[in-house]
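> here is a sequence together with a model predicted from it:
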Amino acid sequence: MLRRPVVTPQAYERIALAALVALSLIVLTGAAVRLTGSGLGCPDWPKCYGKAVAPLETHAVIEYGNRILSGLVGVAALAAAGLAWFRRPRRRDLIAISALLPFGVLCQAVLGGFTVRHHLAPGFVMSHFGLSMLILIAAVGLWWRARHAPGERPPARDAAATWAVRALAPVGALTIFVGTAATAAGPHAGGEGTGDEIRRLEFRGADTLDWAIKQHARIAFAMGVLALGVWLLLRRRGAPADVRRPVTEVLALLAVQGAVGTLQYALELPAELVWVHVTLAVVTWIAILRAVYAAGRLPERVSLGRPARGRSRTAA
C-alpha cells in the first residue's frame, strides 16, 4: 500500500513561500500584458482565436503566455492547499487559509475571461488587479503562519502601536485602488496594436487622467506621512525589532515609489516606468501585510496607553 506523504513544518513553509512568489509574479506579468498593449492579443477565452495554441503573433503570444503562467500559478496554489492536509502536525488554520488560494485563482480565471470578453472595460481590469491584492492577503497570511507554531509568539502588549501599524493596510489599499484608476484612465489601455478600440476610464471626460493622478499623489503622500508617523511611534514606544523592520521597509519602498511616480509623470507615463511603479506597488503591499502580521494580535481589553510590562513580542 502507498504511504501518505508527510510534510514537515519547514517544507510547508517553503511551499507557502513558493505560492506567495508565484501569486506575486503573475500580477507583474499581467501588468506587462496590459502595458505592451497585448490585453486582446487573444480576443476569445479560454482558447486563442479558437485554437489551443496561440498564433505566432507578438500580442497573442504575450497574452496566451500569461494564461499559461496563470495555470502554473494555479498548480502552486493547489499544492499549497493540498499539502496543508499532509503537514505534520496538522493545523486547521493553515488548511483553511490555503483553501483561499486556489479559490482566488479560479475567481481570477473567470474574471479574466469576462475582462477579455468585455474588451478590457476599465471596471473589469481594475477588479482583476484588486482581486490579486486580496489573494495576496491570504498568501502572505499563510506564509506568515506557516513560519510560526501556535503560541510561539505571545499577544501584542501595545495596543496603540498595533493599531497604528494596522492603519497602514486600509490606507495602502486605497492608494493602490486610486492608482489603478489612474492607470485605467491613462494611455496604456491594454489593447494597442490589436485593432480593437479599448475604453478608458473617462468619468470626468478629458480631465479624468489628470484628476486621478492628482488624487493618487495626494493619497500616496498621506500614506507616506502615516508610515513615517507609525515608524516614529514604534521607535518611541520601544517596539520589538521584528515589528519595526517591516515598517521601515514600507517607508523605504514608499520613498522609492514617490521618486518613480514623479519621474514617470514628468516623462509622460512611459510603459517601462509604469511597470516598475506597479511592481513596487505589489512589493509595498506585501511589505504592509508583513508589517500588520508582525504587529500581531491583541489580547482582549488591552489599554491604548503605554505597553504592558513583560515580553512585547507579538502573536503569529
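That came through fine.

> Pro43: what secondary structure?
coil (DSSP: H, G, I helix; E, B strand; the rest coil).

> give me the pLDDT for it.
Pro43 is assigned a pLDDT of 79 by the prediction.

> does it really touch Gly50, like I thought?
No. Using CB atoms under 8 Å, Pro43 makes no contact with Gly50, being 9.7 Å away. Where C-beta positions appear, they are placed from N, C-alpha and C, glycine not excepted.

> of the two, who's got more company?
In this view Pro43 and Gly50 are compared by other CB atoms under 10 Å, and Pro43 has more residues nearby, 18 against 8.

> now the more buried one, what are its backbone angles?
Phi and psi for Pro43, reported as degrees, to the nearest 10, are phi -70, psi -10.

> and the contacts of the helix or strand in which Ala169 is found?
For Ala169, the enclosing helix or strand under DSSP states H and E is helix 168-185. Residues from elsewhere that reach helix 168-185 (CB atoms under 8 Å, 6 or more residues apart in numbering): 34, 122, 125-126, 129-130, 133, 200-202, 208-209, 212-213, 215-216, 219-220, 222-223, 226-227, 230, 247, 250, 274, 277-278, 281, 284-285, 288-289, 291-292.

> phi and psi next, for Cys48.
Backbone geometry at Cys48, expressed as degrees, to the nearest 10, gives phi -120, psi 110.

> how much space between it and Gly141?
The gap separating Cys48 from Gly141 is 35 Å, by CB to CB, to the nearest Å.

> now swap in Ala60 and tell me
Ala60 is 36 Å from Gly141, by CB to CB.

> just Leu69 next, same as before
In terms of CB to CB, Leu69 sits 23 Å off from Gly141.

> looking at those two, which is more packed in?
Gly141 (21 against 15).

> that one sits in which helix or strand?
Assigned by DSSP H and E, Gly141 belongs to helix 122-147.

> who does the helix or strand that that helix is followed by touch, helix- and strand-wise?
Toward the C-terminal end, the helix or strand that comes next after helix 122-147 (DSSP H and E) is helix 159-166. If you count contacts as 3 or more CB pairs under 8 Å, 6 or more residues apart in numbering; DSSP states H and E, helix 159-166 packs onto helix 208-236, helix 241-266, helix 271-295.
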